[in-house]
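# A structural model of the following input is requested.
(chains A and B)
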There are 2 protein chains.
Amino acid sequence: MTPPDWNLADRTLAYQKLEDHQRKVGDIDHACAILDWDQAVIMPAKAGASRADALSTLRGLRHQLATAPELESLLGEAQVEAGKGLLDDWQRANLNELSQQYRRALCVPRDLVEASSRAEAHSEQAWRALRAKNDWASFLPYLQEVVSLKRQTAQALADALHTTPYDALVDGFEAGITQEQIDGLFNDLRGFLPQFLQACLSKQAKDKVVELHGPFPIALQKQLGERLMAAIGFDFTIGRLDVSHHPFCGGLPRDVRVTTRYKEGDFTSSLMGVLHETGHAKYEQGLPDRWLGQPVGAARGMATHESQSLFTEMLIARSPAFLKFAAPLIAQTFSDEAASQAEGFSAHNLYTLGTRVRPGFIRVDADEVTYPSHIILRYEIERDLIAGKLQVAEIPDAWGALLQELLGLSVAGNYRDGCMQDVHWPAGLFGYFPLYTLGALIAAQLQHALARELPDLNRQIASGHFKEIDDWLRAKIWSQGSLLPSHELLMRATGEPLSTRDFKAHLQARYLDDRE
Amino acid sequence: MTPPDWNLADRTLAYQKLEDHQRKVGDIDHACAILDWDQAVIMPAKAGASRADALSTLRGLRHQLATAPELESLLGEAQVEAGKGLLDDWQRANLNELSQQYRRALCVPRDLVEASSRAEAHSEQAWRALRAKNDWASFLPYLQEVVSLKRQTAQALADALHTTPYDALVDGFEAGITQEQIDGLFNDLRGFLPQFLQACLSKQAKDKVVELHGPFPIALQKQLGERLMAAIGFDFTIGRLDVSHHPFCGGLPRDVRVTTRYKEGDFTSSLMGVLHETGHAKYEQGLPDRWLGQPVGAARGMATHESQSLFTEMLIARSPAFLKFAAPLIAQTFSDEAASQAEGFSAHNLYTLGTRVRPGFIRVDADEVTYPSHIILRYEIERDLIAGKLQVAEIPDAWGALLQELLGLSVAGNYRDGCMQDVHWPAGLFGYFPLYTLGALIAAQLQHALARELPDLNRQIASGHFKEIDDWLRAKIWSQGSLLPSHELLMRATGEPLSTRDFKAHLQARYLDDRE
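Numbering: from 1, shown residues only, chains lettered A, B, ... in the order given. Prediction:
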């Protein structure tokens, strides 16, 4: 019989016992990741209540394991082992992550973890049904329960970590990022974006754009998506593509599950969504084998994660070079439509279509110029919500005012395309939104650094050669897991701290100067 | 904040604390059921190793919960409560099931549970790849490991339950069934089947059969399957139909997952498979709401379960009455093929096709006359395997000898269609096979009893009216969960103990006397 590997008494180093213990925690995370994916993609309509219970129990058990009493002394002993030089860099970094994970887990009581998990599952399920009906009033109590529990969690974390509640939540998604840093970067963008948007709109008013006409059969869209995913390096032996209400990248590093949604009349939005999620997926698939299941082997954080999806979508897939490569494959896929719309299916026109700037209601459909405004809007609302300065019932009004101010649009009465459009808040994800725009800044900074090292970058992309790009990203980001703090990871990859400079330069080059 | 419902100190009755505790065990079962289904249907090819680890950890945690030290005294106190008349019939039956579950769990050490789970997951994954290659030699060590662990488990159970190892395994699938009872029933069938088979073959040699010619597009087969599933009462709001390597019915009572596999050249085998699994599914969907997650609310056992699938497939779906109802829907689905093969698509011909008796290699493709021989073969092998009288390496020879004796066929060198054809042994399911044929006996007995109460049974089936049949099954079987011991459930439903009489009478009527 195989001896159990979780017996903490068997191994010599306290550090090793921590790794063994963490493997069990990782196994519960595995189960939750698949059950979450299943709930969003596969689960029959009325199976939600028992799924919510099951996830709540698993998260409770995870919390129990993550706060096991023996961890306190093991973490202390392992620190001593680290001090004696018995641990290598990765082990020390892992120990550091394990300590932080333990401290975060310890300060949130298990009943709060289980209640939050259940409330978030119910709220997400309710959101799926009620968003379709534009029914904010019925959804309100679900979200109030989620926010009430989230405020308690944030306060408990803030007390223990000596920080503010909102910072404590952001820290859970990408350690070290603070509200102060976000405010600085977002204020800078707020000063730049309004005039830039107006300049784009004036310039693009003169562009010649040929609209594409479908239908584009969903089976063919799926086939095209899978073909381009494979071309840019997604490994289908450890991943899948499926359909869900809201596109996401879920699953596990060696079982990555990308989802999208299709519209028969338009293939571009689904295709760009697929390539965006593929950026996330390649990061997961590129994480180091040796450290799977340990926190040091996980992606650095959600801002870094978003940098990988935006790098793939915005900087690769929407570039003229990529569309030179992809246009013939797209035309081949939709051969009937392409035959009668040759000009529409040209690389140049696909590029023009894919970089059109138009203020709109929906974040996930937004172009990269207006996207940060969607984020700033959500950030300001959730920041005040967690601080208790704003109540859940006041969200629609706050949303309306900010949308008017930032994008000049009115969404009054349309909750579906307003404050009910995203899964994040229904699912309890607060402190996550600002990381999308930090990701855009990081992506631009990475591209700037990569272009210095690969002068023929665009030629490689245009010929469908992505290996050197991936090798660079693998070396700088993917293979590093969580070895380094975010700011140091970025410093080593790009030589500079996080700033808005390269992002603004990229927008200027692409949208005003036609320099790509 | 919702108060935690698992706090054992909060509730008054010890019995209630047991129910609360069991709910957590049920939540882990929920996770395992979905992860198992996902592994068979959805999971990418190379994601198996981490899935095996995750399932092993979950089963270890389940075992830890199921053997929690406080259960011993709670079970004792609850027995006292039962003695004082504080519990109703369902609660007493549930307590009885909880006690048995505890006793079974307690005698198997957690490391054996985890090792078995991991070995079975690896073995099942290896089987998927190696069966396709007909590679018995490479598969052998996987199965040896599974059998070695299973013998240890069976011995541990046998010691604690004062029974034999094989009986202890069978008892885990349907409590109260013993090797002695199986031997009696199977010897009876062995005396009846050989001549009966010969008589069938002679009689059917004169039948006029029109073969059907495809292709039958898989999308249409799926549509037909879903249509007939819905017609006979499968609820798609709490269930799904998907594709897997080996058809099964998995998931949970309120999230039932039926799978099938399709061949373009033949729709009948997949369709009958779907209707078979739908019989299992309707039992699950019909289990009582109030007792979900408690053992008394689960299906009585796998023989009773198989009776429901065989009732649906053999006694309903393959009957002349059902094919009168289904033939027009089938012809409508495959309208191109049906137009040119009118005689082939007639109800009479579909019935003749669906009741053809032909000895063959594959159990799941077998007709109901030869099916018991496939079971007797497997039963005799696994019985001797668990008793240590037969070794894993000897399976192919034993298989060959029994197949020759029981069905007059030789499968030498063809492991794929011989001893590697079923998922059961690779997945560690020993003691399960005989229950298929016990299920066939129970199904025939149920039909005999039902026909007494519903004299126009065939007319109802022919007009697509299944409600009264379902109402009867729901009242007699589904809604009863595990309230009664198997033999009493059957006595109350049919007025008689388990025997071969009605099964033999059914075969006689359908295959020799044309009385249906």
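
# Please name the residues that touch A:Ser73.
For A:Ser73, the contact set (Cβ atoms under 8 Å, 6 or more residues apart in numbering or on different chains) comprises A:Ala14. (C-beta placed from N, C-alpha, C; glycine too.)

# a helix runs through it, doesn't it?
Yes: counting by DSSP: H, G, I helix; E, B strand; the rest coil, A:Ser73 is part of a helix.

# what does the model give it for pLDDT?
On pLDDT, A:Ser73 comes in at 97.

# Can you tell me the SS state at the most centrally placed residue in chain A?
The residue lying closest to the centre of chain A (Cα atoms, centre = their mean) is A:Glu306, at 4.7 Å. Recorded secondary structure, A:Glu306: helix (three-state DSSP).

# just checking, it touches A:Phe433?
No: if you go by Cβ atoms under 8 Å, A:Glu306 and A:Phe433 don't touch, sitting 10.3 Å apart.

# What backbone torsions are found at the residue of the stretch 351-500 of chain A found nearest chain B?
Of all residues in the stretch 351-500 of chain A, A:Gly428 sits closest to chain B, with a separation of 14.1 Å (Cβ to the nearest Cβ). Reported as degrees, to the nearest 10, the phi and psi values for A:Gly428 are phi 80, psi 10.

# Could you do the one 4 residues further on as well?
Note on A:Tyr432: its backbone torsions stand at phi -100, psi -40 [degrees, to the nearest 10].

# residues touching it, list them.
Counting by Cβ under 8 Å, 6+ apart, A:Tyr432 has contacts A:Phe173, A:Met302, A:His424.

# May I ask which of the residues you listed has the most neighbours?
Among these, A:Met302 has the most neighbours (other Cβ atoms under 10 Å in any protein chain shown), with 23 neighbours.

# Report the separation between that one and A:Gly431.
Plainly put, A:Met302 is 9 Å away from A:Gly431 if you go by Cβ to Cβ, to the nearest Å.

# which residues are in contact with both of those two?
In contact with both A:Met302 and A:Gly431: A:Phe173, using Cβ under 8 Å, 6+ apart.

# dump the residue contacts of the residue in the stretch 251-400 of chain A positioned nearest to chain B.
Closest contact between the stretch 251-400 of chain A and chain B, by Cβ to the nearest Cβ, is at A:Asp255 (3.6 Å). Neighbour list for A:Asp255: A:Ile34, A:Ile238, A:Gly239, B:Met43, B:Pro44, B:Ala47, B:Ser50, B:Arg51 [criterion: Cβ under 8 Å, 6+ apart].

# one more time with 6 Å
Listed by Cβ atoms under 6 Å, 6 or more residues apart in numbering or on different chains, the contact set of A:Asp255 reads B:Pro44, B:Ala47.

# So what sits opposite it in the bridge?
Beta-bridge pairing for A:Asp255 (DSSP bridges): A:Leu252.

# Please list the residues of chain A that sit near chain B.
Listed as neighbours of chain B in chain A under the rule Cβ under 6 Å from any Cβ of the partner chain: A:1-2, A:4, A:24, A:27, A:30-31, A:34-35, A:38, A:44-47, A:50, A:53-54, A:57-58, A:111, A:115, A:237-240, A:254-255.

# Show the buried residues in these.
A:4, A:24, A:27, A:30-31, A:34-35, A:38, A:44, A:47, A:50, A:53-54, A:57-58, A:111, A:115, A:238-240, A:254-255 (16 or more other Cβ atoms under 10 Å in any protein chain shown).
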